[in-house]
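> For reference, the sequence and a predicted model appear below.
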Amino acid sequence: MIGPASPLAGASSAGELSPERRALREAAEGFEAIMVRKLLASARSAHQSEDTPLTGGGLGQFQQMRDEQFADIAANSGALGFARSIEEQLAKFVDGKADG
């Protein structure tokens, strides 16, 4: 979850958000994390070398865990801005300000 210093926090802190808006923010961050994981996995698969004792299953598992951690950090920090864009677009519907 993001804190008040996060770029996604904007004018209101996470504590001041409605439950619907907080759920939207968490979903947007989760979606950004999934996108970053997929990007990293795709980039890594493009450069796969054959398995050797130094590049076998253990290294693959470590790389996957590292990619997941990086994706979560990137999404929670707002570094890439995907979550912020998603939240801004969908907030219109949550806040009841969608153009009909």
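Done, it's in. Numbers count the residues shown, from 1 in each chain.

> Next, the buried residues of the lowest-mean-pLDDT helix or strand in the chain.
Within the chain, judged by mean pLDDT, DSSP states H and E, the helix or strand with the poorest mean is helix 57-77; its value is a mean of 87. Neighbour counts using 16 or more other Cβ atoms under 10 Å place Asp67, Ala71, Asp72, Ala74, Ala75, Asn76 of helix 57-77 among the buried residues. Placement of C-beta: from N, CA and C, glycine included.

> other SSEs contacting that helix?
helix 19-45 (3 or more Cβ pairs under 8 Å, 6 or more residues apart in numbering; DSSP states H and E).

> Compute the inter-axis angle for the helix it packs on and helix 57-77.
140 degrees (axes from the mean of the first three to the mean of the last three Cα atoms, to 10 degrees).

> Can you give the distance from helix 19-45 to the centre of its chain?
Taking Cα atoms, centre = their mean, to the nearest Å, one finds the center of helix 19-45 at 3 Å from the center of the full chain.

> which helices and strands does it pack with?
helix 57-77, helix 82-94.

> So for Ala27, which of those helices sits nearest?
Set against Ala27 and scored by Cβ to Cβ, those come closest in helix 82-94, at 8.1 Å.

> Please save the CA atoms from the closest one in CSV.
Provided in CSV are the C-alpha atoms of helix 82-94 (Å, rounded to 0.1, in the frame of the first residue of the first chain):
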residue,chain,number,x,y,z
PHE,A,82,1.0,3.2,-14.9
ALA,A,83,-1.0,2.9,-11.7
ARG,A,84,-1.4,6.7,-11.5
SER,A,85,-2.9,6.8,-15.0
ILE,A,86,-5.2,3.8,-14.4
GLU,A,87,-6.4,5.3,-11.1
GLU,A,88,-7.0,8.8,-12.6
GLN,A,89,-9.0,7.3,-15.5
LEU,A,90,-11.1,4.9,-13.4
ALA,A,91,-11.6,7.4,-10.5
LYS,A,92,-14.2,9.2,-12.6
PHE,A,93,-16.4,6.2,-12.3
VAL,A,94,-15.8,5.5,-8.6
